[in-house]
Structure formats: structure tokens, C-alpha cells
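In: Provide a 3D model corresponding to the input given below.
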Amino acid sequence: MAGAEVQEIYCKTLLNRIDIPSFPFQWTLNPYRGCRHACRYCYARPTHEFLGLDAGREFDQRVFAKVNAPEVLRQELRRPKWKNEAIAIGTASDPYEPAEMEYRLTRRILQVLCEFRTPASITTKGVLVRRDVDVLQELGRVADVRVNFSVGSIDERVWKLTEPGAPSPVARLEAMQFLVENGINAGVMMAPLLPGISDSTESIYDVAEAAAAHGARFIGANVLFLKPGSKEWFMPMLKETYPHLAPGYAKLYAKTYAPRDYTSSVMKVVDQARRSVGLASMEPTKSMDAPQRQLQLALSA
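Out: Predicted structure coming up:
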């Protein structure tokens, strides 16, 4: 993104615990705050407001790199109470956003996870993940690792309007294929599916077929939700580019989440599309107890 800047910061902690039973993971970490992929719908935008910044342009153009993140993670994983539970990487900011090319924080974090044999999942729109195939292979040998490529649509107009700083959907699929061909468990997360834009049966089947054609191991999906801070940034874009959809969105997103019956109907189509191309559903990354870790090490020796 033109004019973007990266500010180096130091964190005291890196791991975040999620105490929500319905979530597929209990621990998350984010090497960066803010993201130059500039996705208009990004639910993490309000995190910039905690720093007194706005959730719009400043989220896109002021990225904070937690330069001591790998060292802090190493300290946290050394704690006697740590149980080698799976960690989700990139839940609030893409771990392969452009700053990663210089700072290599995600790569160094993966190396720490290898050291402590800690399972992880990575969610990204970035293609720089190809660079780290060697570390991902190692983590797959000693624990478990999965890479989720966020691809909600393969329509170029949708991509350019809603994800202007992210690599193209085709580039993401090609990066996924590269990982799969090198033994990494990688697949597609159709997220977010946008009502009236990328939630049609045709669009969902197009993504599923493209995922299968590029060797995806699985498919998952999520429907758009709009938190305060994100909603104020997304709706003006919608009114400008898809004005006929604005009234419907106002009703659908009177609250943060779309109505359950709508979400269920979309997810049913996703499941049908997934089955039609013969792919598995996305499963949670497995945590490993001590006996499992010993067996994994024996098998990888």
C-alpha cells in the first residue's frame, strides 16, 4: 500500500487464550498489528482503536511489528504448565502481510514451534508462505501444521474492491498448491462469504472447483460478520460499489452477525460444493499430549 509504514514495538506477552467453547482453537498469536492487505471487511480493524488510531486508513497503512515476538513465545512455551495445545496464527492480522518479508517474525515463530513441538494452524492471504516450506515441513514432522488460504471469491472485481492490498486469489491458490506438493496440509477457507456478492451457488462452486484443481486438502468457510469499527469502513464501500445491496445489508447486519437461518443456508451450499469436488471439511488442528509427541518424534527420526 502506498505510503504505508511499519513501526517496531515490543510485546510483553504473545499468546492469547480464547475461552469460548465453540471456537476450534484455544490459543492464538499475531506477529503484527494492522495489515496492508487492506481488506475492507476485516474484523480486526477495531484493534487499532485500542492504540488511539482509526480502524480505516491507519489500520491499512500503520503496521506494528512485534519484533521480540519469537523470544517472548519461547519464554511462554517454556512454562511448566504449557500443554502443547494447538496455536492459531493470524487470527487478527495476516502473518504473511508485506512486513514479513523484512522482519521474518512468522518464520522465526514457526522455528520456535518446531523447537517445542507445538502444533499450529496458519490463516493467510499471503504468498510469502512459500518461502517457509522447509520450516513447515519440519513442524509437520514433529507436531502438526495446517495452512488455511483465505479465498472467498475468485472473481477479480470482488478481489480488487474488497481486498485491494492482497495477492490475487489465483496467486493464493498457486501458493497453496506449492505447499501441498511439498507435503504440507493446506486448503481453502472461503472467508468471508459476502451476501449478494460471493455467496451465490455459482460463486461457491467456482471456488470449490478451483480449490480442488489446485490440490487443496480441505475446504472450510465463514459468512461475513461486521463488528463496530469494521462496519463503518465496509458499508461506505458497499454503498458506492453495490448500492442495490445496501438496504439488505442494513437489515441483515442490524447486529454483528447475520441471522442464523441465512448462515446455515449458505454453509449448506458450501458443504454440497465441497462434497461435489471430493474434498474433506476443515478440521481443528490437533493438540498433542506427551505420548503422542514421543510417537511423532519416533516416526520422524
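
In: residues of stretch 162-175 that come out buried?
Out: Thr162, Glu163, Gly165, Ala166, Pro167, Ser168, Pro169, Arg172, Leu173, Ala175 (16 or more other CB atoms under 10 Å). No exception for glycine: its C-beta is placed from N, CA and C like everyone else's.

In: nearest to Val188, of these?
Out: Nearest to Val188 among those, counting by CB to CB, is Leu173 at 7.5 Å.

In: so the closest one makes contact with His214?
Out: Yes. Leu173 is within contact range of His214, at 4.2 Å (criterion: CB atoms under 8 Å).

In: And the next helix or strand past the lengthiest helix in the chain?
Out: Ranked by number of residues, the top helix in the chain under DSSP state H is helix 260-276. Note on helix 260-276: by DSSP states H and E, the next helix or strand toward the C-terminus is strand 280-281.

In: For that next one, what is the distance to the chain centroid?
Out: Counting by CA atoms, centre = their mean, to the nearest Å, strand 280-281 is centred 17 Å from the centre of its parent chain.

In: any idea of the mean pLDDT in it?
Out: Mean per-residue pLDDT for strand 280-281: 96.

In: strands paired with that strand, and their directions?
Out: According to DSSP bridges, strand 280-281 forms sheet pairs with strand 218-223 (parallel).

In: Residues contacting the strand it pairs with, please?
Out: For strand 218-223, contacts defined as CB atoms under 8 Å, 6 or more residues apart in numbering pick out 148, 185, 187-193, 195, 199, 204, 208, 211, 258, 262-263, 266-267, 270, 273-274, 277, 279-283.

In: Kindly write the PyMOL command that selects the buried subset of these.
Out: Selection of the buried residues among the contacts of strand 218-223 in PyMOL, burial being defined by 16+ other CB under 10 Å:
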select buried, resi 148+185+187+188+189+190+191+192+193+195+199+204+208+211+258+263+266+267+270+273+274+277+279+282
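
In: relative orientation of the longest helix of the chain and strand 218-223 in degrees?
Out: Orientation check (axes from the mean of the first three to the mean of the last three CA atoms, to 10 degrees): helix 260-276 against strand 218-223 gives 160 degrees.

In: now for helix 260-276, which elements pack on it?
Out: Packed against helix 260-276 by the contact rule (3 or more CB pairs under 8 Å, 6 or more residues apart in numbering; DSSP states H and E) you find strand 185-193, helix 201-213, strand 218-223, strand 280-281.

In: Give me the contacts around the first one.
Out: Outside of strand 185-193, the residues that reach it under the criterion CB under 8 Å, 6+ apart are 41, 123, 140, 144-152, 173, 176, 179-180, 199, 204, 207-208, 211, 216-225, 266, 270, 279-280, 282.

In: again, only using 7 Å
Out: Applying CB atoms under 7 Å, 6 or more residues apart in numbering, the contact partners of strand 185-193 are 41, 123, 145-152, 176, 179-180, 199, 204, 207, 211, 216-224, 266, 270, 282.

In: Same check on stretch 76-94?
Out: When contacts are defined by CB under 7 Å, 6+ apart, stretch 76-94 is touched by residues 13-15, 25-30, 32-35, 37, 44, 47, 95, 112, 116-126, 285-288, 293.

In: List buried residues within those.
Out: Buried members of the contacts of stretch 76-94, scored by 16+ other CB under 10 Å, are 14-15, 25-30, 32-35, 37, 44, 47, 95, 112, 116-126, 285, 287-288, 293.

In: For burial, what's the neighbour tally of Asn84?
Out: When neighbours are counted by other CB atoms under 10 Å, Asn84 registers 18.

In: For Ala280, see how far away it is.
Out: Computed as CB to CB, to the nearest Å, the Asn84 to Ala280 distance reads 24 Å.

In: Leu51 too?
Out: Distance, Leu51 to Ala280, using CB to CB: 40 Å.

In: ranges for the helices of the chain?
Out: So, for the chain - with DSSP H - the helices run 57-61, 69-77, 100-103, 105-115, 133-142, 156-162, 169-181, 201-213, 231-241, 246-252, 260-276, 290-300.

In: possible to save those helices as a markdown table with mean pLDDT and distance to Ala4?
Out: Listed next are these as a markdown table, based on pLDDT from 0 to 100; distance: least, CB to CB, whole Å:
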| stretch | mean pLDDT | distance to Ala4 |
| --- | --- | --- |
| helix 57-61 | 86 | 4 |
| helix 69-77 | 98 | 20 |
| helix 100-103 | 96 | 12 |
| helix 105-115 | 98 | 17 |
| helix 133-142 | 98 | 26 |
| helix 156-162 | 97 | 18 |
| helix 169-181 | 98 | 20 |
| helix 201-213 | 98 | 29 |
| helix 231-241 | 94 | 16 |
| helix 246-252 | 97 | 28 |
| helix 260-276 | 98 | 33 |
| helix 290-300 | 37 | 40 |
